[in-house]
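My questions concern the predicted model and sequence given below.
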Amino acid sequence: MTDTDQAVIEVEELRRGYSGGFEAVRGISFSVARGEIFALLGTNGAGKTSTVELLEGLAAPSGGQVRVFGLDPYRRRAAVRPRTGVMLQEGGFAADLTVAETVRTWRGVTTGARPADEVLDLVGLTGRASVRVKQLSGGERRRLDLALALLGRPEVLFLDEPTTGMDPEGRRDTWELVRSLQAEGTTVLLTTHYLEEAEQLADRLAILHEGELVLAGTPAEVTATRPARIRFTLPVGVEPARLPLSLRAAAQGRRVEIRTDRLQGSLAELLAWAEASQVELIGLDARSASLEEAFLEIAQNRRVRDGHDGHDARDAHDARDARDARDARDDRMAGAR
């Protein structure tokens, strides 16, 4: 981890509560180093958007503190906002404006803005410049959101679900753009439901569940907390009971799965047994745990531990997120000056 004196985002015991006693963020702490891509992951209602809104200075925390560039982003918004770019979950653009007109409008309220042609080229919308916003696909609207977030050449870029609605090609293009921005020194904090996206982009990540930070580290460190797996099918006539007991195999019919904390050693033992027994392991597949597996296991374990799934609180929180996203677009326009 980079020394904290190089951190551009610092979060300490951060809390955010709402009327009715619901606490969306419950004492989380993390930091993001300059030039790092940091991902916040979590199920719906985990507190991701509530946290990002505090980092963006859209609201004051109920407890704890957040610093961006060493400053309180809420109280020192005029100093922090021009150095950041914000991509909300929903931009709320004027439907009858064209793409080019929308960009020109935002350029008028953005300090040191890139040329419109440059930013449209960055996000692959040059050929759609004359198209009205209401005629754009969902993925194209997300690209327009990203274009506006990049107008001011931000030092820190907040991306809230940046590739939702994009097709696979658009998603990959966006990933390449984010990587190129990082190479130029931009710090990126993103939230995403696409776990592959976090694996591909993030230097480090944190997993939130019901407002708490339950696990953090590099993608490799997070997946290393979960067992690897080996899967294969035994030939007809070969019973799973013949497998070495040390492998602790689980079988359904002839289909076998082995979960292990020592993938290389277990695989070597399995292959040695198969060779000595002259058994073909049909469809053999061995791999480390994926981020998706680690994420789902964490969410499931926490629900079992808590004895509920929190649907009511999360549904109320999700409705609040949608309302705040609409309100925040006006705030973003005003704060871009």
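Received it, and whenever you're ready, just let me know what you need.

Excluding covalently adjacent residues, which one is nearest to Leu267?
Spatial nearest neighbour of Leu267, chain neighbours left out: Ala286 (5.1 Å); criterion: C-beta to C-beta, 6 or more residues apart in numbering. In this view, the C-beta of every residue, glycine as well, is placed from N, C-alpha and C.

quick one: the one you found is in a strand?
Yes - counting by DSSP: H, G, I helix; E, B strand; the rest coil, Ala286 falls inside a strand.

Go ahead and confirm it touches Ile230.
Yes - taking C-beta atoms under 8 Å as the definition, Ala286 is a contact partner of Ile230 at 4.5 Å.

Would you mind telling me which of those two has the busier surroundings?
Between Ala286 and Ile230, counted using other C-beta atoms under 10 Å, the more crowded position is Ile230 (21 against 18).

Just to check, the more buried one is in contact with Glu257?
Yes - counting by C-beta under 8 Å, Ile230 touches Glu257, with 7.2 Å between them.

the helices in the stretch 201-337 of the chain, which residues?
In the stretch 201-337 of the chain, the helices defined using DSSP state H, counting those that start in this stretch lie at 219-223, 263-277, 291-306, 311-335.

How many neighbouring residues does the residue lying closest to Leu71 once chain neighbours are set aside have?
In this structure, Leu71 finds its nearest non-sequential neighbour in Val80, 5.4 Å apart by C-beta to C-beta, 6+ apart. Close neighbours of Val80, defined as other C-beta under 10 Å, add up to 23.

what secondary structure does Val80 sit in?
helix.

show me what contacts it?
Gly57, Val68, Phe69, Leu71, Pro73 (C-beta atoms under 8 Å, 6 or more residues apart in numbering).

of all those, which comes closest to Gln278?
Distance to Gln278 across those (C-beta to C-beta) is lowest for Val68, with 63.2 Å.

ok, now which ones touch that closest one?
Per C-beta under 8 Å, 6+ apart, neighbours of Val68: Val8, Ile9, Leu55, Gly57, Val80, Thr84, Val156.
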